[in-house]
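1. What would the 3D arrangement of this be:
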Amino acid sequence: SDVGSQKDRVVTEEEWLQKWEMGNIGFHKEQGHPLLQKYLNVLLNGRSGLRIFFPLCGKAVEMKWLVDMGHSVVGVEVSEQALKEFFAEHSLPYHEEPVPEISGAKKLQSTSGNISLYCCSIYDLSSSIVGKFDGVWDRGALVAVNPCDRERYVSLMITLMEKNSSYLLVTVSYDPNKHKGPPFYVPESEIKSLFG
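-> Numbering: from 1, shown residues only. Sure, this is the predicted structure:
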């Protein structure tokens, strides 16, 4: 397939932590993502008070947007620095607590209670820990997980979705032989087969 050159590429957790430490976060959108604004009605579908999941959330400003609209947000991210920067940059008070089910994990929760950010590997999460979601904003998550982990990632996401959940996915299109990624190139045919 045309994604052969990326198939075996692996980015370690340490490499992601290093990107945050060094400030190599070109993927972070200071102004938020225009596609979320454009397709917000698809995600919300006229519903209010939703639980929305941000996989590999970084310090995405869209989490704050959605909370300001009356929704609650749960995110997961390996970089604690990213999560702390999120709360600091939006002047949101929060508290930290351990996650009993996941060794070494932390939950950073806004004192208002409507933002819960888990600092751990996404693969440690399950619906018994975080519940299920009415919507998922996947921008830079599916395209960032290692290609060998894609099936595992998508299976997990499916278990975290309520029956009438909306999944908004942003992908990137380019010649995978010219860039090693991430973000990785995930062709539409693969997205269809992954999500069935």
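2. now the residue nearest to Gly104 when sequence neighbours are not counted: how far from Lys106?
-> For Gly104, ignoring the flanking residues on the chain, the nearest one in space by C-beta to C-beta, 6 or more residues apart in numbering is Cys120 at 7.2 Å. All C-beta atoms are positioned from the backbone trio N, CA, C, and that covers glycine. Counting by C-beta to C-beta, to the nearest Å, the gap from Cys120 to Lys106 is 8 Å.
3. who has more neighbours, those two?
-> Cys120 (20 against 16; other C-beta atoms under 10 Å).
4. separation between that one and Ile129?
-> Taken as C-beta to C-beta, the span from Cys120 to Ile129 is 9 Å.
5. ditto for Leu156
-> Here Leu156 is placed at a distance of 12 Å from Ile129 (C-beta to C-beta).
6. repeat for Glu77
-> From Glu77 to Ile129 the distance is 15 Å (C-beta to C-beta).
7. on that earlier part again, find residues that contact each of Cys120 and Ile129.
-> 99, 102 (C-beta atoms under 8 Å, 6 or more residues apart in numbering).
8. follow-up on the earlier one: just list the residues touching the residue nearest to Gly104, thanks.
-> 76, 78, 99, 102, 104-106 are the contacts of Cys120 under C-beta under 8 Å, 6+ apart.
9. All good on my end, thank you.
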